[in-house]
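In: After the sequence you'll find the predicted model.
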Amino acid sequence: MLIETELKEFLDEKVLEYNNPKFIESDPIQVPHGYSLKEDIEIAGFLTATIAWGNRKMIIKNAKKMMDILGNSPYDFIINHKPNHLDSIDYFVHRTFNLEDFKYFIVALQHIYTKHQDLEKIFSSYSSKNSTQNAIHEFKNIFFEIPHLSRTKKHISDPLKGSAAKRINMFLRWMVRNDNAEVDFGIWKSISPSILSCPLDVHSGNVARKLGLLTRKQNDAKALAELDKSLRHMDPNDPVKYDFALFGLGVFEKF
């Protein structure tokens, strides 16, 4: 068991090792990195994060397929599409996220950009001074406030119903955190990186337990709160930088 100062030094070194442009080559964040317009980046990021479970190569392949369907101008397509444009999309599936889910996400995003300003506005409006988790809950409510298939709701997690909401927390890290390393974008200035939560999955969870940062067995909302507390203790201003360390140790080093 590493003592606290040694653990922080060890993890800080791992952050530097993995939080750099080389990380992009094998990570789904490469998809929004294909764009420069703020709205294109956040839509590409949101859709990519939505399907970010399973094999990483397949996630990247299918996220790029979604961008192709959107004419590689996601914001323009989202804002200007008509129902007949959706009818011409003949196939898309990523695991349990299917064509009907994808079509609804397109319609719901159009609704958000026309009725609620944009994605950033929703998350910043509902975040508290120390958490974005309530904002994720409110975002889900807004995202599904127009007619939808009940099956599609499972593709956005709700922290207030016990979920660790790994994919949306990852998306928020991408948008909010400015890492000066050209990995995370830092294009959402209205939310502080200090209130972000670590994207908790099987890899980061297992490493966090081995390092004594997390004791709870399940990867759920309670575990996330525990992990957040540990990471914020090490760096109150940028706690989710340690996602790079936990993920890198788990995925690349089989720690």
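Out: Cool, the structure landed.
In: any idea how far residue 120 is from residue 39?
Out: Here residue 39 is placed at a distance of 10 Å from residue 120 (CB to CB, to the nearest Å). For every residue, glycine as well, the C-beta is placed using N, CA and C.
In: Please disregard the earlier target; I meant residue 111.
Out: Distance, residue 111 to residue 120, by CB to CB: 16 Å.
In: between the two, which one's more packed in?
Out: Shown here are residue 111 and residue 120; by other CB atoms under 10 Å, residue 120 has more neighbours (18 against 15).
In: and the closest residue to the more buried one other than its chain neighbours, how many neighbours?
Out: In space, and not counting its chain neighbours, residue 120 is closest to residue 188: 4.7 Å by CB to CB, 6 or more residues apart in numbering. When neighbours are defined as other CB under 10 Å, residue 188 has 21 of them.
In: Flag every buried residue along stretch 183-203.
Out: Residues 183-185, 187-188, 191-193, 195-201, 203 are the ones in stretch 183-203 that count as buried (16 or more other CB atoms under 10 Å).
In: shouldn't residue 40 be in contact with residue 78?
Out: No: counting by CB atoms under 8 Å, no contact exists between residue 40 and residue 78, whose distance comes to 9.5 Å.
In: shared neighbours, the two?
Out: With contacts defined as CB atoms under 8 Å, 6 or more residues apart in numbering, no residue is adjacent to both residue 40 and residue 78.
In: Let me see the confidence value for residue 1.
Out: We note a pLDDT of 53 for residue 1 in this prediction.
In: oh, I was asking about residue 254
Out: Each residue has a pLDDT score; the one for residue 254 is 87.
In: do you know how far it is from residue 220?
Out: Distance from residue 254 to residue 220, counting by CB to CB: 24 Å.
In: try residue 182
Out: Shown here: residue 182 relative to residue 220, a distance of 33 Å by CB to CB.
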